[in-house]
Structures are given as C-alpha cells and as structure tokens.
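Trainee: Sequence unavailable; structure follows:
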C-alpha cells in the first residue's frame, strides 16, 4: 500500500472545509457589519439583529415557521411512530418493501415533492368546490366553503407528509432492537395493547422518537422548496421571506437572519448528536444511574397515580391543538383582513403597522418575484389576494382577461392627490381599476471611472469599446426595448422586421463579446463593486446602488437621448376579492401623502402623489438634516420634459410576445 | 393427582397450507409441572402461546376450568408467562419490573377496576424478591443483572400476580450449564412452594426429565407421547421419542413370540407382549443397558470402533454386523478389540413400527449426531432467519 502523505492530506481536508464553511463564516461576519454593505467591513455592530426583531415581516414569517414546524413535528411524530409500529407487525418482506417506499420521499427532489403536492391540493380543491356547491344546493343547514386556497393548512399537511418518513426512519431501528416479547410480556401482565404501548413500547423507542422529532423539526425549519409550492400566496416561512428579501441585494439583515437560522439548525443537530453519543456510551457501560428529571417525570406519569395528570396533559395538548387550529382558521374569519401582494422591499413596513393600528384591519402582506410570477400564480388559482401592485403592461393584460375589479373611488378620497400625469394612462384609460403606487424610468447606469466619455445613447450598450463591461438586462422586454429605441422604433412595435432588427443588434454585440452577462439582481453587486461599466436598470435602484458603491466607483444615471421606458406600478383589486371593503381602505391609506412620502424615502421610487412629490425635498431635509441633491431628485422623479421623451410599455399581442420569447431563447445564456 | 385445569381439544394451528399444530389433545392438571418437550419447530412454543392467549387456534377449543377461552386476550387470563429471553422492561428497575403487573388495575368479580394499594404492592414485591433470592436488588436497573438474576426477576414478575398457571418458554436456554442446574432445582422448589401449575417448554430432555410431573413429547406439530418422565424414558412409544429422550440404539427386529424378539437373527428375551407373531418392530436398547463381556460369552459380537471418555463412563461405539451401537460402560475397551455383549430382558424395549422407523438410532456418524443434539435452537429464535411465515404470525 502506498504511504499516504499526511501533510498533503491535511491540506486537502483543510481546503475542503474551507470551501464548505468559508461562505457561511463570511455571512456570519457580515451580519455584524456596521454599514449596510455586504462587501466592505465598516466595524462591529448588532444593529442588524436589532433591526431583525423590528421587522414585522420577518417576525411574522418566523412565527409561521415555528408554528408550522412545531405542529408538523408533533403530528408527524405521532403518525410516524404508529406507522413504524404498524410496519413492524408486518411480515419481513412486506415491511422491507414498505420501508423502501418510505425512503423514496426523502431522496426525492424537493421540487418534485413540492410541485406534486401543490397539484394534489389544487386538484382536491377543485373537486371539493364541485362537491360543496352541490352540497350547499341540496340543503341549507350547513354552508360549506366553496373556494379553498393554498395556505397554512396545506403547507402544514405538506410538512407533515415529508416529515413522516424521517420519523419512521428513526423509530423503526429502535423497534427492531426492542425485544419482541416485551409487548407480549406487558399484555401477559395485564396490559391492554394501548397500555402496553404507553408503558413499554414508548419508553423503549423514545430515543428514536425524540431524534425523529428533532430531525423532522430541523427539516421543517430548513425547508424552502416544498413550502414555496404549498404555502399559497398568503403564507410565508422564514426561508421564503429570506428568499424574497434577496431579490435585489443581500442586505445585512438577511445575513443576520440567516446566521440565526444556521445557528439554530446547528444547535438542533448538535443536540441530536450529543444525545446519540450519550446513549451509545450508556449502552456500553450499562451504568447504574439516577433517572433524569424527564425520566422520573415520565415514570411518575406512567404510574397509575399519574393517570389523571396524564389525561390532563393529553386533554391540554388536544385543547391547545384545537385552539391553535381555531386561531389559524377562525381568527382570519373574525378579524377583518386584507391580503396584499406587492414586491420585495417595496414598502416602508411602518406603514403596515400604522394602518393596522388605525383601522383594526390585519394586513397579510406578501411579495411576488415578478409580474410574470404574479400572473401565473393568479392564473393557477392558488392566490387569494385582494390588492396587487402590478406594472402597467401587466395591468392591461389582467384587465383584458377580466381579472380585475373596478374600484370604488368614492372610498378613495386620497386619489385626488394623484398627479394628473399619472391618471388615465394607456393601461387604464378611464381610470376605473387602478391607483398608481409608484413610477420610474429605465435608463443607463454607468461607472464614470470606467468610461471615456459620458454615454448619451443606448448605443453604448452595443459599443465594442466597452467589450466585456456591459451588463445586458435579463428581461426580453427591457433589453429589446432599449434596442428598439436606439433604432428609432417604438418599444411597443408589433412589426416583426423591426423587432428582428433590434434583436440582431443585441445578438451582434453578444457575438462580439460586448456583454459580460445577462443579469437582473446581480447588477447591484457588479455595479457597486466596479466590476462592470454599463448596465440598463431602474432609476430607483440606481439610487440605492449609489448608497453602496465601493471606493473608486462613480455611478451615474442617464436617460439616453433616444428616450426610454417609463413605468407605473399601480394598486388594483382582483375580481371577487374576499375583502373588497378592506382593500378600499388600504388603497386609500397608501395613496395618502403621508404614506407616499414614507414610501418614497424607503424605496427610492417616485410617488405619483402630487403633494408628496412637492414635499419630498423638505421631508428629506427634516429627516436627515441635509439638503436633497436636486440632481438626484430629478433622477428619482423625472421632470415632465424628460418623461415626455419616455414611452410606457403596452401589453403586446400574443404573436409578438411569442416572438419575443423565441428570440430571447435564441440568445442563450 | 388433582383436578383438570386446562384442556386443549383438537387444537389446530395453521398458516395457509402449513400446519403448525395438528389436532392437539391435551389436558393439564392443577398444580402439575408439565413440560412440552421437542425439537425446534415442533409446535411446543405455539402450544404455549395458545395457552397464554397470544395466539388463538385455527380450530379446536381451549378450555380453562371448563370455560372456553379461545378468544380471551392475554391480559384477561389468570396465566402469566416467563419469556424466552426474560423480556424484562429495560427502562424499569428490578422493583418496578416485578411491580409492573400489580400496577395495572384489574377487573374484580363485578367488573370494577381495582387498584392494588402501594403498600400491598411493596409488600408483595418484596416477598416475591425474597422467594427468588433477590432481596437487596430492588433498586438495580435490570441491565446491570447477570443472566441468572434476570431470570429470577422474570419469574418474580410473573408470580407476583398470583397466576393459576405459570408458562415458561425455554426459561433456562440462555444460562450456562451450572446455573441451569441450580435454576432447575430452584424452579421446582418454587413450584412446590407456591402450589401452582407450571407449563414448561424446553428442547432439553434432561431438564424435562428432571423437573416434570408430566412430559409431553412433540414433533411435527403432533404429540408423540405423554407420560411421566419414567414412562417416557423407559417405554418410548416410537423411534422419535426413544431417540429424543436420552441415547438409544434403535434396531429393526421381528417379534417372534410374546417375550421373544429377534435381532440380527438372534433371539433375545424381553418383557414386551401383545404383538402379532413375526411382526416387524423397532427395538430400543439404551446404551447403559448393555453389558460388555468376553467375546465368546456374548449374545452378539462386534468390534470397537471408537472410545470417548466421558467421566463417569466411556462412550464406546461398537460395530455389529455393519450396524453401529453406542454403549455406555465403565469398562475400557480399546479400539479394534473384539467384544461380546449381553442384554437383560428389561434392557430391551420393543416398539411398533412408525413413521420414524429407520430414521434414528444409528451411531454410524456418531460425532456429528452429538453436535446436532447440542446446538438445537430454541423454538422461537428461528423466526427472524426463516421464511416470512414466522414474521407473519409472531404477533
């Protein structure tokens, strides 16, 4: 045998662990960073941990996560334990076959589990709807709900489903180790089967049950994919919340919450391993030891004297369970609620609290990733939102498909403050369905230290002198829009020749290696870090990049002379929204000048509220004690003459949309 | 002996095509020490489990005190069991193991659940620990006890409930030889002291003979013979019983007349009567009933092929006309010496021919047979390794 090289081996192991743990280590370090940069160390601080506990969206999703994990663990542990006992009583061949079946869900890709569970629930809801309609039709004593949606309950069921195999996996070996005759012995000594279970089987397999429960709990907390597919639109776990928070940039807050998540999962794993090691040692030594407190307690509980205590505990647990379920289902029924779906980092969360305090209406605030994601969610019927905030072109599409409800403007007095410029826009010509939320422009962002002269034209995007330094926006509409503008065409053209010409422009530049890559959210890291020279992106995001740019980076924003796209995101209410009245209150609240000022300050996108637009510089000065740079404010809220040069996206006919998709796919990655 | 307590009437136990018990008829008297004896897979443990209530027979009746109890669950039977490998509760200490049964409220005559007071539990457990010589061990965890001590706990745990019948499933199987002998005496003592019925399952014939009032020899799901230990040993009913109980040379013979049997064309005096003239029979000759004499003085002549020193005696294998016998004698005969033998009439036992004829009693492959006897597996243990049938019916 070849002698191994100990030093080489150690270095290899060291590198492996470095590779595994360095990213996590960095994340933990940066969660303590004083600044809000995730690249530059600005000193130690706990501010992000403090911020975490004041972030209601995070706290809410933490609560959801803990609740679903605990409930799923409890249910799966009970079900899995009994299933394991059932399996154990089968013949060896059948048991082994079933154990293999049990293993499959654990090895199966989460995404398959998630999608299939989602499909299953939706199919069930469909069937249920039909049944409930029929049932409500034939009798009037009980009114069954017709429309069921994905939500906490479905996510809980999914968690229970994927946790059960882990419990079985942990309990089965303990049953195998257990002397079969123990149950016989207990029955022989006067126990019924149930008594034998409590007094003999349970204490014997308890270590397996506890580690099964711990693993189930860890898996539940850890899960993202399956939750994502089964939680529906109005429930978010912590992992889902973190994901939506990273849409734009990884904030230190995300670092902090990820650190906490990592540490708690680590703690659970360590706990489990320590337990196992202790058990092994105990088995080795067969030591005479004092029973632990828990064991004493369980002994006492299993004695006849503990019967009432035990019954009490069982009853209390059952009551607790019922209460929790009732709270989850009933609370929503009794307390007025409004389900809002917006974008990540798109609201000053203080506003939600203020609204709730003022009106007593609970806001269930969720976020979608993109207009397209929102659209498919709505189409799948998995969403039960009241208010959504889609962009202009998506609004037209939803309107065309009859998915929006008209608004009752008499109940939205704050609509009066919406600037004339943002009323009766092409997507809603008579302004019957929408109240604008924010607006902005799409322009060129460039690093002044990396370009010779200030670019004035979209042509810079295809210019060989910036080869390797241009970031192409990974969104066919925006990318082709810029090319169309550069060629002097409308962004809304349906002329195939023009579109193909625009595409050829992009494809040519791509072949010549002008583009560094196709990006969306990575644009922040790349531009802030000075890794790219030019990009196409939104004005509001430019402003937040500006706050985070590294030393030696000088980011500027320009609306090219050919003009640009400008966009409006507006609040709409979905057809048959379950909480129409509450939705009106929410829209009115968000349309207020006060709310618009707060939001403008928070998200750096311009407000459509005329008063807010006028008051913002003063508001800024009061808040930060310094003057708002008028040039920056012009970028944020483009003046009328700039806006005149800009064009809004209209919804494209299906054939054109298909062409866009086809061309975009051709471009490849 | 006293009155009948348990009766199995035409009990059949089958799993699909496989018949595990084939029309068992058996009664057990009160305060009797009865042993079910047989090789692995003979049905003895199944019989015990039927009496214990863990199985109910496919056909036939189980009567207890004249009442049919086929479907009465174990916890409602006044029967307790000592399990093969004790089945002590590992999470409880000695005291709590013994107290286990007492802590379960039992229905009294009127169906009301009654609890035994803590004081009574304490008293009864301590009494029972004294009976099994485990005073002072009450606080020990059972995992810290030796095999013999665990065995005693198992017995105490069963007996503390004052059962009418104690079932013991190979209780000494896991103990070493010395301990086994001690425990045999102890069990016998306890049975007599407590005056209860013991039904004992074993594959060890010595154990069965030493302890039992009645021995039930089983094989292939059938009862082969029921009788006192002396009956079983001296008057085996067929070649199986003769072979299974002690060592036997089983030879084909022909009954020439009452009291005259012919072996190897030689006539021997015997005490057996009642066979047809010239009926072919199996003849059992116990190894210790053969006297070695001078070659010329013997009724049969043979050559010694092997000698093994066993302490009290020599195991001498002698070849008679190509048929090897085992003879146990204190006389040493060297290998290859020619010897003669004499058998007294009471050393010869004649049996009717049976399905087992010709299968046993030849010592041609002596050493292998010895090994085979030593490593007979306890009954239930083959459950895991064997086919799915076992897994299917073991609870």
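Mentor: That came through fine. Everything numeric here is computed off the predicted structure, so don't read it as measured data.

Trainee: What parts of the stretch 51-200 of chain B come near chain A?
Mentor: Listed as neighbours of chain A in the stretch 51-200 of chain B under the rule C-beta under 8 Å from any C-beta of the partner chain: B:52-54, B:73-75, B:79-81, B:83-85, B:87-92, B:96, B:100-101, B:103-106, B:115, B:140-141, B:143-144, B:157-158, B:161. C-beta coordinates here come from the backbone N, C-alpha and C atoms, glycine included.

Trainee: taking these one by one, which sit in helices?
Mentor: When DSSP state H is applied, these are split such that B:52, B:96, B:157, B:158 fall in helices.

Trainee: Name the helix or strand for residue A:547, please.
Mentor: Using DSSP states H and E, the secondary-structure element containing residue A:547 is helix A:539-548.

Trainee: what do you get for residue A:217?
Mentor: Applying DSSP H and E as the criterion places residue A:217 in helix A:202-222.

Trainee: Please apply the same query to residue A:556.
Mentor: With elements taken from DSSP H and E, the one containing residue A:556 is strand A:555-558.

Trainee: counting contacts, what elements does the helix or strand following that strand pack onto?
Mentor: Later in the chain than strand A:555-558, the nearest helix or strand by DSSP H and E is strand A:565-574. Using 3 or more C-beta pairs under 8 Å, 6 or more residues apart in numbering or on different chains; DSSP states H and E as the contact criterion, the secondary-structure elements in contact with strand A:565-574 are strand A:387-388, helix A:392-400, strand A:404-405, strand A:435-447, helix A:476-486, helix A:580-591, strand A:647-648.

Trainee: Pull the contacting residues for the nearest residue to residue A:502 once chain neighbours are set aside.
Mentor: Across the structure, with C-beta to C-beta, 6 or more residues apart in numbering or on different chains as the measure, the residue nearest residue A:502 apart from its sequence neighbours is residue A:483 (3.7 Å). Each residue near residue A:483 by C-beta atoms under 8 Å, 6 or more residues apart in numbering or on different chains is listed here: A:458, A:461, A:462, A:502, A:503, A:505, A:506.

Trainee: picking up where we left off before, from the residues of the stretch 51-200 of chain B next to chain A, which ones fall inside strands?
Mentor: For those, membership in strands holds for B:79, B:80, B:81, B:106, with DSSP state E as the criterion.

Trainee: Would you map out the domains in chain B?
Mentor: Domain assignment for chain B, taken from automatic domain parsing, gives B:4-232, B:249-359.

Trainee: now the end-to-end length of the first one.
Mentor: In this case it means domain B:4-232. Chord length of domain B:4-232, first to last residue, is 21 Å (C-alpha to C-alpha, to the nearest Å).

Trainee: Let me know the average pLDDT across that domain.
Mentor: When the per-residue pLDDT values of domain B:4-232 are averaged, the result is 89.

Trainee: just stretch A:57-67 next, same as before
Mentor: Predicted confidence along stretch A:57-67 averages 85 (mean pLDDT).

Trainee: Of all residues in chain A, which one is nearest the centre?
Mentor: Per C-alpha atoms, centre = their mean, the C-alpha nearest to the average position across chain A is that of residue A:240, at 3.3 Å.

Trainee: Please identify the helix or strand for that one.
Mentor: helix A:238-245.

Trainee: now swap in residue A:655 and tell me
Mentor: When elements are defined using DSSP H and E, residue A:655 is found to belong to helix A:654-667.

Trainee: Same question for residue B:125.
Mentor: With elements taken from DSSP H and E, the one containing residue B:125 is helix B:118-131.

Trainee: and residue A:86, how many neighbours?
Mentor: Residues within reach of residue A:86, counting by other C-beta atoms under 10 Å in any protein chain shown, total 12.

Trainee: Quick check: residue A:586 touching residue A:361?
Mentor: Yes - if you go by C-beta atoms under 8 Å, residue A:586 and residue A:361 touch, sitting 7.3 Å apart.

Trainee: And those two? Which one has more around it.
Mentor: In terms of neighbours (other C-beta under 10 Å), residue A:586 is the more surrounded of residue A:586 and residue A:361; the figures are 26 against 18.

Trainee: Spatially nearest residue to that one, not counting backbone neighbours?
Mentor: For residue A:586, the spatially nearest residue (C-beta to C-beta, 6+ apart) is residue A:338, at 5.0 Å.

Trainee: related to what we said a few turns ago, retrieve the pLDDT associated with the residue nearest to residue A:502.
Mentor: Residue A:483 carries a pLDDT score of 94 in this model.

Trainee: just residue B:365 next, same as before
Mentor: Taken from the predicted model, the pLDDT recorded for residue B:365 is 56.

Trainee: How about residue A:88?
Mentor: 85.

Trainee: hmm, back to that, can you pull the buried residues of the helix holding residue A:547?
Mentor: Under the neighbour-count criterion of 16 or more other C-beta atoms under 10 Å in any protein chain shown, helix A:539-548 has A:539, A:540, A:541, A:542, A:543, A:544, A:545, A:546, A:548 buried.

Trainee: ok, so of the residues you listed, who is nearest chain B?
Mentor: Ranking the buried residues of helix A:539-548 by separation from chain B, with C-beta to the nearest C-beta as the measure, puts residue A:548 on top at 59.3 Å.

Trainee: Angles on the backbone of the closest residue to that closest one other than its chain neighbours, please.
Mentor: When the adjacent residues along the chain are set aside, residue A:548 lies closest to residue A:528, with 4.8 Å between them (C-beta to C-beta, 6+ apart). Its backbone dihedrals place residue A:528 at phi -60, psi -40, with angles given as degrees, to the nearest 10.

Trainee: How about the most far-flung residue of chain B relative to its centre, nearest residue that isn't a chain neighbour?
Mentor: Counting by C-alpha atoms, centre = their mean, the extreme residue of chain B relative to its mean C-alpha position is residue B:296, 41.3 Å from that point. Counting by C-beta to C-beta, 6+ apart, residue B:340 is the residue found nearest to residue B:296 once chain neighbours are left out, at 6.5 Å.

Trainee: Name the residues that touch the helix with the most length in chain B?
Mentor: In chain B, ranked by residue count with DSSP H as the criterion, the top helix is helix B:177-194. For helix B:177-194, the external contacting residues (C-beta under 8 Å, 6+ apart) are B:33, B:131-133, B:147-148, B:151-152, B:155, B:159, B:166, B:168, B:171-172, B:175, B:198, B:200, B:207, B:210-211.
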